[in-house]
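Q: build me a structure from this.
(one chain, ligands or ions: 1)
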Amino acid sequence: MRYYETREQSAELLRLTLPLMSQQAAAFHPQSYTIWYEHSAGINPRLTNVLEQRLSQNTPLNDEEVWRLYVNFVVARDAESMERIQQRLKALLDDTSTSATNAGIEASQFSQTLTIHKNQLMQPLPLEHLPTVVTELLADTERMRRVTEELVEQLDRHKNEVQELTEQLERAEHQAKLDPLTGIFNRRGFEQQLQAPESSGGGLRRGVVLVADLDHFKQINDNYGHVLGDKVIRTVAQIIRGNIKGRDVAARIGGEEFAIFLPETSVKGATALAEQIRATMAGCRIRRSGLEQPIAQVTLSVGIAEAGESDTLESVLDRADRALYEAKRNGRNRVWVDSASSGA
Ligand SMILES: Nc1nc2c(ncn2[C@@H]2O[C@H](COP(=O)(O)OP(=O)(O)OP(=O)(O)O)[C@@H](O)[C@H]2O)c(=O)[nH]1
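A: As a prediction, the model looks like this:
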């Protein structure tokens, strides 16, 4: 979803939204802000109905409820708009096809008329009949010219609209694959990227999957709040982004869980990259806004699995997850390679 409010309008909406949010039990995370912002802006009537009902009952929304509203009324609305674009595209195609068929019928009638006129002209024709034939011929030619012109104009209009709709569709599709908090792929985007034949060359073959998960993240949320928790999540995404390149694919596949696919990479190379990400995170000094003093060290653990010939994305993710579990079990803040991939 794109928002079209100006800086001033959105500042006004911010002033309206914050008091509404603060009356709720839910944390001040982006999903919570989105639903109250859309309500204040009056751009999501179905969501507003539900929220107004809740406001009248005076029962504050908790995190779980906010998440459900976000998925049902914001994410689903984006999916609906994609469907609307697809339907409009289909209607345009139907329209074009009908016009082309009609123009074809006209052309075939015109061709028959031309044959009739030609036959008439091939017969000895009284001279006084000639103007009638020429007039009819001119009228038919003019009619055909108009039909063709209308068709060309219509095709031109449709071409522009199709182009615009295609761009909207591409934007919406791309948006639906991204995680709004970090801007990297979400789980769906990750799966689609890896399933696209051009993205990783030989599919999963010769690739390695990394799964990274923040250590004791619940404590970070509990100690410093969700806003800071979200900042930590964004920091991990930035570190990952800064360490991958080319055809590597990174995604946030769960709350504090990330996945990276490295095509045509050895386990040794993937381990070095995972180690680099882990060390950068461990050395990162994250501050609360307005405060000099950094929060306590935040670390993450990484599980690594190499994709074999018979692996599916699910099976290799599963093995990387199990390696991650081992990394956690062995003390956290470490990289662990799945035993089948390490050749152990
Ligand atoms: N701030 C914030 N927190 C989130 C988000 N998604 C999930 N979480 C929190 O992440 C925490 C995950 O906690 P656990 O699954 O217990 O894991 P953990 O505390 O990291 O412990 P280990 O993984 O065992 O090291 C929960 O408190 C979730 O509420 C998010 O988008 N933002």
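
Q: so where is the stretch 151-300 of the chain shaky, pLDDT-wise?
A: Across the stretch 151-300 of the chain, the ranges flagged by pLDDT under 70 are 197-203, 205.

Q: for it, which residues are neighbours of the ligand?
A: 181, 213-218, 221, 226, 229-230, 233, 255-256 (Cβ under 6 Å from any ligand atom). For glycine as for every other residue, the C-beta is placed from the backbone atoms N, C-alpha and C.

Q: what about residue 337, neighbour count?
A: 26 (other Cβ atoms under 10 Å).

Q: not counting its neighbours along the chain, what's nearest it?
A: Nearest non-adjacent residue to residue 337, counting by Cβ to Cβ, 6 or more residues apart in numbering: residue 304, 4.6 Å away.

Q: likewise for residue 261?
A: Computed as Cβ to Cβ, 6+ apart, the closest residue to residue 261 that is not its neighbour in sequence is residue 249, at 4.5 Å.

Q: from what I can see that neighbour touches residue 241, true?
A: No: look at residue 249 against residue 241 with Cβ atoms under 8 Å: they stay out of range, at 11.5 Å.

Q: the more surrounded of those two?
A: For the pair residue 249 and residue 241, the greater number of neighbours falls to residue 249 (23 against 14), based on other Cβ under 10 Å.

Q: right, and the helix or strand after the particular helix or strand that has residue 56 in it?
A: Taking DSSP states H and E as the criterion, residue 56 maps to helix 45-57. Once the chain leaves helix 45-57, the next helix or strand it forms, by DSSP H and E, is helix 63-69.

Q: do that next one and the ligand come into contact?
A: No: Helix 63-69 lies apart from the ligand when judged by Cβ under 6 Å from any ligand atom; the minimum separation is 7.4 Å.

Q: report the backbone C-alpha coordinates of that helix in PDB.
A: Output of helix 63-69 as PDB, limited to C-alpha atoms (Å, rounded to 0.1, in the frame of the first residue of the first chain):
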ATOM      1  CA  ASP A  63      -0.600  -7.300  20.400                       C
ATOM      2  CA  GLU A  64      -2.300 -10.500  19.100                       C
ATOM      3  CA  GLU A  65      -5.500  -8.600  18.100                       C
ATOM      4  CA  VAL A  66      -3.500  -5.800  16.400                       C
ATOM      5  CA  TRP A  67      -1.600  -8.400  14.400                       C
ATOM      6  CA  ARG A  68      -4.900 -10.100  13.300                       C
ATOM      7  CA  LEU A  69      -6.400  -6.700  12.300                       C
END
